[in-house]
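Colleague: Pasting the sequence and the predicted model now:
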Amino acid sequence: MRADSSGQLKELVFPRALDLDRPKRARTMFSSEQLRRLEEEFHRNQYLVGVERAELASQLGLSETQVIDYYTDIFALNYFFRFVTVFVIVVMFVFKKTVCIF
């Protein structure tokens, strides 16, 4: 039990376990043209929302969810590589040695 801002007690409910038995959604296989356009739009605008997202999805013959998934994956990948790059530069600066990460 936990009190909310008004002082009322609320019961916290947690899931018992992860649902690992449910079937996974099939991955979208984007065509080369779809990938080209998605990459082009991502580099033009990393925060695609609302009407722009709906228009892009319609033009590419995709659902908005597929466009959102692409943007989420690419955004996370870009963030990861930026983090790794900064980390490597810091390590090289601190230890004054070249670092090979791959």
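Modeller: Thanks, I have it. Residues are numbered from 1 along each chain as shown.
Colleague: Any idea which residue is closest to the centre of this protein?
Modeller: Thr72 (2.6 Å; Cα atoms, centre = their mean).
Colleague: Secondary structure element holding that one?
Modeller: Here Thr72 sits within helix 64-95, counting by DSSP states H and E.
Colleague: Gln66 touches Thr28, doesn't it?
Modeller: Yes - counting by Cβ atoms under 8 Å, Thr28 is a contact partner of Gln66 at 5.0 Å. C-betas here are computed from N, CA, C, even on glycine.
Colleague: what's the pLDDT at the residue nearest to Tyr70 when sequence neighbours are not counted?
Modeller: Spatially, and ignoring its direct neighbours in sequence, Tyr70 is nearest to Leu38 (5.2 Å; Cβ to Cβ, 6 or more residues apart in numbering). For Leu38, the pLDDT comes out at 92.
Colleague: Could you tell me the angle between the host helix or strand of Leu38 and helix 64-95?
Modeller: Using DSSP H and E, Leu38 sits within helix 32-44. Counting by axes from the mean of the first three to the mean of the last three Cα atoms, to 10 degrees, helix 32-44 points 60 degrees away from the direction of helix 64-95.
Colleague: what packs against helix 32-44?
Modeller: helix 50-60, helix 64-95 (3 or more Cβ pairs under 8 Å, 6 or more residues apart in numbering; DSSP states H and E).
Colleague: Next, the buried residues of it.
Modeller: For helix 32-44, the neighbour count (16 or more other Cβ atoms under 10 Å) marks 34, 37-38, 41-42 as buried.
Colleague: Pull that helix out as CSV, backbone CA atoms only.
Modeller: Only the C-alpha atoms of helix 32-44 are listed here, as CSV (Å, rounded to 0.1, in the frame of the first residue of the first chain):
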residue,chain,number,x,y,z
SER,A,32,15.5,-0.7,-50.1
GLU,A,33,13.4,2.2,-51.2
GLN,A,34,11.6,2.3,-47.8
LEU,A,35,14.9,2.2,-46.0
ARG,A,36,16.3,4.9,-48.1
ARG,A,37,13.3,7.2,-47.4
LEU,A,38,13.3,6.4,-43.7
GLU,A,39,17.0,7.1,-43.4
GLU,A,40,16.6,10.3,-45.4
GLU,A,41,13.7,11.5,-43.2
PHE,A,42,15.5,10.5,-40.0
HIS,A,43,18.5,12.6,-40.9
ARG,A,44,16.2,15.5,-41.8
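Colleague: Fine by me, thanks again.
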